[in-house]
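1. Quick one, structure for this:
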Amino acid sequence: MEMLNDTIAAIATALSDSGIGIVRISGNQALEIADSILRTKSGKKFIHTAKSHTIHYGFVVENKVEPESMKIIDEVMVSVFHAPKSYTKEDVVEINCHGGVLVTKKVLELVLHAGARLAQPGEFTKRAFFNGRIDLAEAEAVMDLIHSKNELALKASTAQLRGDLSDKIRSMREEILYEIAFIESALDDPEHISLDGYQDRLKEKCNQLIDEVQKLLDTADHGKMIKEGISTVILGKPNAGKSSLLNMILGQERAIVTDIAGTTRDALEEYVNLRGIHLNVIDTAGIRDTEDIVEKIGVEKARKYATDADLILYVVDTSVELDENDREILSMIGDKKTIFLLNKSDLEQKVSENEIYALLSKLGFQHKETYSMISTSAAFGKGLEELEAEIEKLFFHGDIKQNDQIMITNLRHKEELGNVKSSLLLVKQSLEDGMPEDFYSIDLMQAYASLGNILGEEVGDDLVEEIFSKFCMGK
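-> You can find the predicted model right below:
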């Protein structure tokens, strides 16, 4: 906490050749430090007289004693924000210099030499959290926003940064706190506050809160996929067209394609954005019995990836009949969400949808709602639009872009909400068992604390440090 009294500085933009580079300064001495290295065209200081939320033209100079000996480093625009109306709720100065690596580093060097300390990763946002400008959930949304890989992730992060999740959590905390206060007051003053019939009301309140928590938890799987991407594995026999399919999805020749079976021997991972949905696509070695040691390792990897996948794209060579390799692949797929790509549709067809469903049924898998079939020809680029639409439908029912519900994208939040639900279920169990009112308060307090952990109101310093250590420098 003592470090929060320091004035910190860092480069807030990517360190590369660009149009603009920003050096950010925050702390009690931010204005004084900036004033020591900035001058107007006539050589005067100007930061100490600048009003908050204004931007000024000036020059970064070497801090020499004699004005005539000052060396101009860069021509800049300077933004000034007075506490508490700034990102950190401290005095903040942002020097917008030319974006060359050398000049940006030089400006930062002058700022540090004038008395600032180099900021730790995420320290600006950490100060915003400790100074009460944002809560921990909103702070985490800042990093999610920076790392957003698609429109849906950006939308979810923006909503969380706006406070949608925090407002919901606070609302539930207030409701729980009211019940705790009521129980404690009734136990302290039974003559004036009666608990007659309260058990039924508390049970109803628990049911309502459990329902609200469950609705949030129900978004977690989709939220994780929106944030991190859908883990997608391409499976199939050798020479079924898996690598051609990957190239079709990517729109470029990324994977080697030959007529020789077993060309792909190791997994190839790529990232692709389809209709705003981020896919982590893994092209695997063809599944078959083989004596080739290298290929055998690739096949084992394919099995492992299939086990962990969110989505399987099973490329079926429809120009040849199904065999034991297909049966092995289908047994690996099980009830996972799978899109069967009936490939090589431009050739004579020897496999139909009905044959695949019949084989699945024979293997004991009946869940057609997790399967879909698309006719494709990777060689001719046929079926890509249908594949995109099917992925959107399979995971998001086609309406995710219009859905404004709060989305849980953070594993920490999911775990805490799970703890809240468990605590509320214990309250219900105590009610059904006729336990004393003290038991209700204990579990309600635990639910209250778990919700507070999401906001950062009841978390330890170690967790806070871990979260902010993942931030980039200058944020």
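2. For the longest helix anywhere in the chain, buried residues please.
-> Ranked by number of residues, the top helix in the chain under DSSP state H is helix 164-188. By neighbour count on 16 or more other C-beta atoms under 10 Å, the buried set for helix 164-188 is 164-166, 168-170, 172-173, 176, 179-180, 182-183, 186. (Glycine included, C-beta is placed from N, CA and C.)
3. For those residues, give me TSV that also has distance to L425.
-> Listed next are the buried residues of helix 164-188 as TSV, based on distance: C-beta to C-beta, whole Å:
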residue	distance to L425
D164	26
L165	22
S166	24
K168	20
I169	19
R170	22
M172	15
R173	18
I176	14
E179	15
I180	17
F182	20
I183	18
A186	23
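4. T219: which of these is nearest?
-> Nearest to T219 among these is L165, at 10.3 Å by C-beta to C-beta.
5. Surely the closest one touches T409?
-> No: the criterion here is C-beta atoms under 8 Å, and L165 misses it with T409 at 9.4 Å.
6. quick one: N96 and H56, what's the gap?
-> Distance, N96 to H56, using C-beta to C-beta, to the nearest Å: 10 Å.
7. Likewise for A220?
-> The gap separating A220 from H56 is 47 Å, by C-beta to C-beta.
8. Give me the more crowded residue out of these two.
-> Per other C-beta atoms under 10 Å, whichever of A220 and H56 has more neighbours is A220, with 19 against 16.
9. How about the contacts made by the more buried one?
-> I408, T409, H413, K414, L417 (C-beta atoms under 8 Å, 6 or more residues apart in numbering).
10. can you confirm the fourth one is in a strand?
-> So the one you mean is K414. No: read with DSSP: H, G, I helix; E, B strand; the rest coil, K414 is helix and lies in no strand.
11. Show me what the strand or helix carrying E385 is packed against.
-> E385 is located in helix 384-396, with elements delineated by DSSP states H and E. Other elements packing on helix 384-396 under the criterion 3 or more C-beta pairs under 8 Å, 6 or more residues apart in numbering; DSSP states H and E are helix 220-228, helix 242-250, strand 268-274, strand 277-283, strand 311-317, strand 338-343, strand 371-375.
12. Adding mean pLDDT and distance to R201, write the ones you listed out as JSON lines.
-> Shown next, in JSON lines, are these (pLDDT from 0 to 100; distance: least, C-beta to C-beta, whole Å):
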{"stretch": "helix 220-228", "mean pLDDT": "78", "distance to R201": "30"}
{"stretch": "helix 242-250", "mean pLDDT": "80", "distance to R201": "55"}
{"stretch": "strand 268-274", "mean pLDDT": "78", "distance to R201": "49"}
{"stretch": "strand 277-283", "mean pLDDT": "81", "distance to R201": "44"}
{"stretch": "strand 311-317", "mean pLDDT": "88", "distance to R201": "45"}
{"stretch": "strand 338-343", "mean pLDDT": "89", "distance to R201": "47"}
{"stretch": "strand 371-375", "mean pLDDT": "87", "distance to R201": "46"}
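13. Select, out of these, the one closest to G100.
-> Relative to G100, the nearest member of the helices and strands packed on helix 384-396 by C-beta to C-beta is strand 268-274, separated by 30.2 Å.
14. Report the strands that pair with the closest one, each with its relative direction.
-> Here strand 268-274 is paired, per DSSP bridges, with strand 277-283 (antiparallel).
15. report the angle between the axes of the partner strand and helix 220-228?
-> Orientation check (axes from the mean of the first three to the mean of the last three C-alpha atoms, to 10 degrees): strand 277-283 against helix 220-228 gives 80 degrees.
16. what's the nearest residue to Y271 if we skip its chain neighbours?
-> Distances taken as C-beta to C-beta, 6 or more residues apart in numbering place N280 nearest to Y271, at 6.0 Å, with adjacent residues excluded.
17. any idea how far the one you found lies from I249?
-> 12 Å.
18. and those two? which has more neighbours close in?
-> Comparing N280 with I249 by other C-beta under 10 Å, the one with more neighbours is I249, at 22 against 19.
19. Surely the more buried one and G381 touch.
-> No: the pair I249 / G381 is not scored as a contact, 10.3 Å apart, by C-beta under 8 Å.
20. so what's in contact with those two at the same time?
-> By C-beta under 8 Å, 6+ apart, no residue touches both I249 and G381.
21. By mean pLDDT, which helix or strand of this protein comes out lowest?
-> Lowest on mean pLDDT, DSSP states H and E among the helices and strands of the chain sits helix 293-308, with a mean of 73.
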